[in-house]
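Need a 3D model of the following:
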Amino acid sequence: MDANEILDYCLAKKGVTETFPFDNETLVMKVGTKMFLLMGLERQPLGINVKTDPEWSAELREQHPQITGAFHMNKTHWNSVQLDGLKRDLIYKLIDHSYELVFNSLTKKAKEEIINS
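Predicted coordinates:
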């Protein structure tokens, strides 16, 4: 799986935008005004940071050495995921989960704007 695949998958979701708020190498995907995925485009192997329910985070970290607490982020809610060695279905599930968590945290008005766009 490469960066373009991740980008295309995220952009297919309602209300998603891509930004570079930190530097020219860290792609941030947002739903509404909140980020749900970060990807270092220059980092090898390719990895992403995604928001994850704390209970599932603990389980994921135990089962997969490629999943750890996200550097420079709240490690209770954010995971760094090295994509090498992980099944595509799990990567998509992590992205979907992050998107849903962040979407559900938006205001009712913001959600309606996204749904109706």
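
Kindly spell out which helices and strands sit in contact with the host helix or strand of Cys10.
Per DSSP states H and E, Cys10 falls inside helix 3-11. Packing partners of helix 3-11 (3 or more C-beta pairs under 8 Å, 6 or more residues apart in numbering; DSSP states H and E): strand 16-19, strand 26-31, strand 34-40, helix 88-105. Bear in mind the C-beta positions are built from the backbone N, C-alpha and C, glycine included.

Which of the residues in the shortest one are classified as buried?
Using 16 or more other C-beta atoms under 10 Å as the burial criterion, the residues of strand 16-19 that qualify are Val16.

What strands flank that strand, and is each parallel or antiparallel?
Taking DSSP bridges as the criterion, strand 16-19 forms sheet pairs with strand 26-31 (antiparallel).

Just want the angle from the partner strand to strand 34-40.
150 degrees (axes from the mean of the first three to the mean of the last three C-alpha atoms, to 10 degrees).

what about the residue nearest to Arg61 when sequence neighbours are not counted, neighbour count?
Of all residues not flanking Arg61 in the chain, Ile67 sits nearest, at 5.4 Å (C-beta to C-beta, 6 or more residues apart in numbering). Ile67 sits with 22 neighbouring residues when counted by other C-beta atoms under 10 Å.

likewise Ser80?
With other C-beta under 10 Å as criterion, Ser80 counts 19.

between the helices and strands packed on helix 3-11, which one is nearest to Ile115?
For Ile115, the closest of the helices and strands packed on helix 3-11 is helix 88-105, at 9.5 Å, according to C-beta to C-beta.

what mean pLDDT does the helix or strand that that closest one is followed by have?
Of the helices and strands lying after helix 88-105 in sequence (DSSP H and E), the nearest is helix 108-115. For helix 108-115, the mean per-residue pLDDT is 95.
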